[in-house]
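>>> I would like the atomic coordinates for the input below:
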Amino acid sequence: MDEGRKRVLLIAASIFAARKLTQYEPGARVPAIICAIADSIRWAEQIMEEIDRRHPLKPTQQETSR
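Just a heads-up that it's a prediction; the model follows:
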C-alpha cells in the first residue's frame, strides 16, 4: 500500500474514531477506546476496498501508482 492510500485511510479512520471517542474520558486508554480505534481502521479499509472494487485502476495507472 502506498503512502497516499495510507493517509486516506488515516483520515477516514480518524473521522470514524472521533465520533466514537467523544463519549469517553480524554486521555484514558481503556479497552473500549482501543476497540473503537480498531473498528474505525477496519471501516476505513472496507470503504477503500469498496471504492477500489467500484472504480478499479486502469492497467497504466496501476504501474505508476505503486
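
>>> Which pLDDT value belongs to residue 61?
For residue 61, the pLDDT comes out at 58.

>>> Kindly report the same for residue 64.
Reported pLDDT for residue 64: 60.

>>> Give me the neighbour count for residue 50.
Neighbour count of residue 50, defined by other Cβ atoms under 10 Å: 10. Where C-beta positions appear, they are placed from N, C-alpha and C, glycine not excepted.

>>> now do the one 3 residues further on
For residue 53, the count of nearby residues is 8 (other Cβ under 10 Å).

>>> Please apply the same query to residue 44.
Around residue 44 there are 20 other residues, counting by other Cβ under 10 Å.

>>> now residue 5
13.

>>> Look up how far residue 40 lies from it.
As judged by Cβ to Cβ, to the nearest Å, residue 5 and residue 40 stand 16 Å apart.

>>> mind listing the helices for this protein?
Taking DSSP state H, the helices of the chain run over residues 3-21, 31-54, 59-65.

>>> Between these, which has the poorest mean confidence score?
Among the helices of the chain, helix 59-65 scores lowest, with a mean of 62.

>>> what about the closest residue to residue 20 other than its chain neighbours, how many neighbours?
Ranked by Cβ to Cβ, 6 or more residues apart in numbering and with sequence neighbours excluded, the top spatial neighbour of residue 20 is residue 36, at 4.1 Å. Residues lying near residue 36 (other Cβ under 10 Å) number 18.

>>> got it, and residue 18?
11.

>>> likewise residue 16?
19.

>>> any idea how far it is from residue 58?
According to Cβ to Cβ, residue 16 and residue 58 sit 30 Å apart.

>>> Same check on residue 28?
For residue 28 relative to residue 58 (Cβ to Cβ), the value is 47 Å.

>>> can you check residue 2 too?
Distance of residue 2 to residue 58, given as Cβ to Cβ: 16 Å.
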